[in-house]
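[1] coordinates for the following, if possible.
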Amino acid sequence: MDSNLNLELTRRELFRTGGMGLGASALMSLLGRDAFAAEPAFLNPLRARRSDYPARAKSVIYIHMIGAPSQLDLYVDKPRLREMTGELCPEDLFNSQQFAFIRSRPKMYGSPFTFRQYGESGQTFSELLPEISSLADDIAVIESMHGEQINHSPAQLFMQTGFGRFGRPCMGSWVSYGLGSENDNLPSFVVMVTGNVGGAGNSMWGSGFLPSIYQGVEFRAVGDPVLFLSNPKGIKAGDRRRIVNTINQLNREQLVDVGDPEIATRIGQYEMAFKMQTSVPDLMDTSGETEATHAMYGTSPGKAGFANNCLLARRLVERGVRFVQLFDQGWDHHSGIAKSIRNKAKTSDKPIAALLKDLKQRGLLDETLVICGSEFGRTPMVQGDLKNAGRDHHKDCFSIWMAGGGIRGGVRVGESDDLGFSITKDPVSVHDFHATVLHLLGMDHTALTYKYQGRQFRLTDIAGNPVQPLLA
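    Numbers count the residues shown, from 1 in each chain. Take a look at the predicted model:
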């Protein structure tokens, strides 16, 4: 042993001198996913990771109808309810639940729309969804969803994060945290909004206590697709590259010094933002799509809207984006539902069906899980009077649907009573729904955890089981 060896080296000095290789490895891991693939996650938080078991889905497109459409006017036919239209709600039914707005004993209100069966599976859909219903054999409807929150904001949070108050990571963030990204030039989790998001706001795509690199990145339809992505006037690409390099050199030195995951996030975000200056404008430019594709979606280049967002969702998963969330506002029908839900269905039916068809014809549907749902459902009782009928919030029995990505098409899970008020068979909780999505992505929902404030948290809290009848 060399007697001249300095044995009084401090821990910080050790990491400063001996950690330069670690810093270089961290940089390579952040800038090139194939290099140093075994680096700890905090050094490269978005590197692609193996799932717990073979995954059926690689990507998710989650369409959330803000405001909650009526399942009784879209997905669930109740002839008995239609016969009872105008009759007073049975007293025991009215007294069995607290409503958001209904205060006095209301009348019953059956759907004014026609329902019929579609496809070989004979699934029932409303006349308002002619395009989606034509794909009945690809779709699985959950008729027996139930939640815990009766008002929009907490119900939206519960549906997205598994918890009815602010501060928890949303499902897209959990998926990005669990699986990382397969794209170096776009975010792992992208959000697009039609209308005003309202309610829980951007907490619906927030990362909560997870590192902020896992939060959703909102792409906008007007102006810069991502805020502050463009260079200021007078700044050229080469200048921006030198600025990013210098800033990240300082960040890397601090990362080696303190090991804070948020510093790794900052490095990754600077690099991602620089790459997105090229990749995002190319993504958002749909002029290269065929006329047949635009006709199928009902879009045209440069025209913003929900249909355009559906087309962009396909382009995003095609490029390896892990989780795409579309929010569509305007489904809160407390009055005038017969007219308003018809109008909303008209704007969404064609593009959603086009998205499924487009994914299928490109061979992407088998590996892309498409979800369409909301925060809760609607009551079979009328809110207001029958002339201007609306429906109140209903958390105890509502419907969502799923397709692709390992889903068994043409099935309907669960049943509700003759009035569509209560679940009579196979209830599916929000935690069950989350567990199913993670299962299809190859993740064990009980093992996907993050320690925060001394406790291991997970998306499904302490509940949830994958819904087996949904699985192909």
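[2] quick one: low-confidence residue ranges for the chain.
    Applying pLDDT under 70 to the chain flags the ranges 1-44, 222-223, 227-232, 234-235, 237, 239-240, 268-279.
[3] okay, domains of it per the record?
    59-222+304-470, 231-301 (automatic domain parsing).
[4] let me know which of these is tucked in deepest.
    domain 59-222+304-470 (a mean of 20; mean count of other C-beta atoms under 10 Å). In short, each C-beta sits where N, CA and C put it, glycine included.
[5] measure that one end to end?
    Taking C-alpha to C-alpha, to the nearest Å, domain 59-222+304-470 runs 17 Å from one end to the other.
[6] quick one: distance of it to the chain centre.
    Relative to its chain's centre, domain 59-222+304-470 lies at 10 Å (C-alpha atoms, centre = their mean, to the nearest Å).
[7] please shift the residue numbers so they start at 20 in all later answers.
    In the new numbering, first residue 20, that becomes domain 78-241+323-489.
[8] can I get the domains of the chain in JSON lines including distance to Asp71?
    Below are the domains of the chain laid out as JSON lines (distance: least, C-beta to C-beta, whole Å):
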{"stretch": "domain 78-241+323-489", "distance to Asp71": "5"}
{"stretch": "domain 250-320", "distance to Asp71": "22"}
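[9] looking at those, which is nearest to Ala67?
    Closest to Ala67 of the domains of the chain is domain 78-241+323-489 (C-beta to C-beta; 4.5 Å).
[10] start to end distance for stretch 186-193?
    13 Å.
[11] Gly214 - nearest residue in space that isn't next to it in sequence?
    Gln348 (3.0 Å; C-beta to C-beta, 6 or more residues apart in numbering).
[12] which residues touch that neighbour?
    85-86, 212-217 (C-beta atoms under 8 Å, 6 or more residues apart in numbering).
[13] His165 too?
    Contacts of His165 by C-beta under 8 Å, 6+ apart are 414-417, 442, 446-449.
[14] hey, C-alpha coordinates of stretch 109-124 in CSV?
    What follows is stretch 109-124, C-alpha atoms only, in CSV (Å, rounded to 0.1, in the frame of the first residue of the first chain):
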residue,chain,number,x,y,z
PRO,A,109,-89.8,6.0,-7.4
GLU,A,110,-89.4,7.4,-3.9
ASP,A,111,-87.0,4.7,-2.7
LEU,A,112,-84.8,5.4,-5.8
PHE,A,113,-84.8,9.2,-5.1
ASN,A,114,-84.0,8.7,-1.4
SER,A,115,-81.2,6.2,-2.1
GLN,A,116,-78.7,8.8,-3.3
GLN,A,117,-77.5,12.4,-3.0
PHE,A,118,-77.6,14.3,-6.3
ALA,A,119,-75.4,17.2,-7.4
PHE,A,120,-78.3,19.5,-8.4
ILE,A,121,-81.6,17.7,-8.2
ARG,A,122,-83.3,18.6,-4.9
SER,A,123,-87.0,17.6,-5.3
ARG,A,124,-88.4,14.4,-6.5
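[15] and the helices in the chain, which stretches?
    Listed in chain order, the helices of the chain (DSSP state H) span 30-37, 39-50, 90-93, 98-102, 110-113, 149-152, 171-180, 190-198, 256-277, 280-303, 310-316, 325-337, 356-380, 449-459.
[16] alpha carbons only: can I get the fourth one in PDB?
    Presented in PDB, the C-alpha positions along helix 98-102 are these (Å, rounded to 0.1, in the frame of the first residue of the first chain):
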ATOM      1  CA  PRO A  98     -86.800   0.500 -22.900                       C
ATOM      2  CA  ARG A  99     -88.400   0.400 -19.500                       C
ATOM      3  CA  LEU A 100     -87.000   3.800 -18.700                       C
ATOM      4  CA  ARG A 101     -88.400   5.100 -22.000                       C
ATOM      5  CA  GLU A 102     -91.900   3.800 -20.900                       C
END
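[17] for it, which outside residues touch it?
    So helix 98-102 is in contact with 91, 127-130, 399, 437-439, going by C-beta under 8 Å, 6+ apart.
[18] just these: which are in strands?
    Pro399 (DSSP state E).
[19] just the contacts of His165: which are in strands?
    Among the contacts of His165, the members that lie in strands (by DSSP E) are 417, 442, 447-448.
[20] now Ser153: how far from Val212?
    Per C-beta to C-beta, to the nearest Å, Ser153 is found 27 Å from Val212.
[21] quick one, what contacts Asn202?
    338-341.
[22] I meant Arg410, not that one.
    So Arg410 contacts 89, 91, 128, 352-353, 356, 397-402 (C-beta under 8 Å, 6+ apart).
[23] if we go to 7 Å?
    By C-beta atoms under 7 Å, 6 or more residues apart in numbering, the residues touching Arg410 are 89, 352, 356, 397-398, 402.
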